[in-house]
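Asker: Need a 3D model of the following:
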Amino acid sequence: MKKMKRFAVIGLGKFGFFVAKSLYEDGNEVIAIDVDRNRVQAIKEFCSEAIVMDATENEPLKSLGLEVMDGVIVSTGINISISILISFHLHEIGVKKILTKALDEDHAKILSKVGATEIIHPEKDMAVRVARGLSRPNILDFIPLEKDYNLVQAGPPTAFIGNSLKDLNLRAKYNVYVIAVKELVPENFILVPPASFVIKESDILMMLGKSEDIERIEGLK
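Answerer: Take a look at the predicted model:
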């Protein structure tokens, strides 16, 4: 059984909202934080706790016990000084894993210096994924095995997103096995994922099967 982890997401714009929602739907405890009351209201049913708070203020932030979280994601929009200050406060509090969204390389360098342990480049990462998808449709990498068999890393077809491996039943429908999943947000590697694992858009699936069967999955929309 998957062990529940604890995360906080600070900043509930589009990126932060979907990170919080995806983490929560994957069975984790998620605290969602934003200074905007409307954004907090919108996330309420997709997280464990939603809090209206100015996360640039150190004392209220310290009261949340974020230092015991498995990770804190900072996604606070275009004002870079806000994300820098929040990342600094989190580091001072003692948060071990701070994942902060950067707008550019200079922003990323500053974030690393003030305590961010991982930098998220959503636009850059998506651009790389789109480019790879165009040059190698849906397939990111593959390893040839015995004749007619491949071990393939691929982004999930749209039809897979939001469904569990049990619901998809790939072994029965396609004779393909998902032997591992690489989660990108936050970064995690799951060897032999459980049937209850729900596939997210940002996941990378490692699939084993005959080339022709894998090609059928690649052809899905």
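Asker: from here on, contacts and neighbour counts on C-alpha atoms
Answerer: Fine.
Asker: In the protein, what helix or strand scores lowest on average pLDDT?
Answerer: strand 139-144 (a mean of 51; mean pLDDT, DSSP states H and E).
Asker: wait, doesn't Glu218 sit right on Pro157?
Answerer: Yes: counting by CA atoms under 8 Å, Glu218 does reach Pro157; the two are 7.1 Å apart.
Asker: What are the boundaries of the helices in the protein?
Answerer: 14-25, 37-43, 58-62, 80-93, 105-114, 122-135, 165-168, 170-174, 211-218 (DSSP state H).
Asker: Which secondary structure elements does the second one sit against?
Answerer: Helix 37-43 sits against strand 29-34, strand 49-52, with contacts defined as 3 or more CA pairs under 8 Å, 6 or more residues apart in numbering; DSSP states H and E.
Asker: Mind splitting this protein into its structural domains?
Answerer: Domain assignment for the chain by automatic domain parsing gives 6-124, 132-218.
Asker: okay, those, which one's buried deepest?
Answerer: Counting by mean count of other CA atoms under 10 Å, domain 6-124 has the highest mean neighbour count of the domains of the chain, with a mean of 19.
Asker: To Asn150, which of the helices of the chain lies closest?
Answerer: helix 211-218 (5.9 Å; CA to CA).
Asker: Summarise which helices and strands that closest one is packed against.
Answerer: Using 3+ CA pairs under 8 Å, 6+ apart: helix 211-218 touches helix 170-174.
Asker: rewinding a little: least confident of the domains of the chain, on average?
Answerer: Among these, domain 132-218 carries the lowest mean pLDDT, at a mean of 82.
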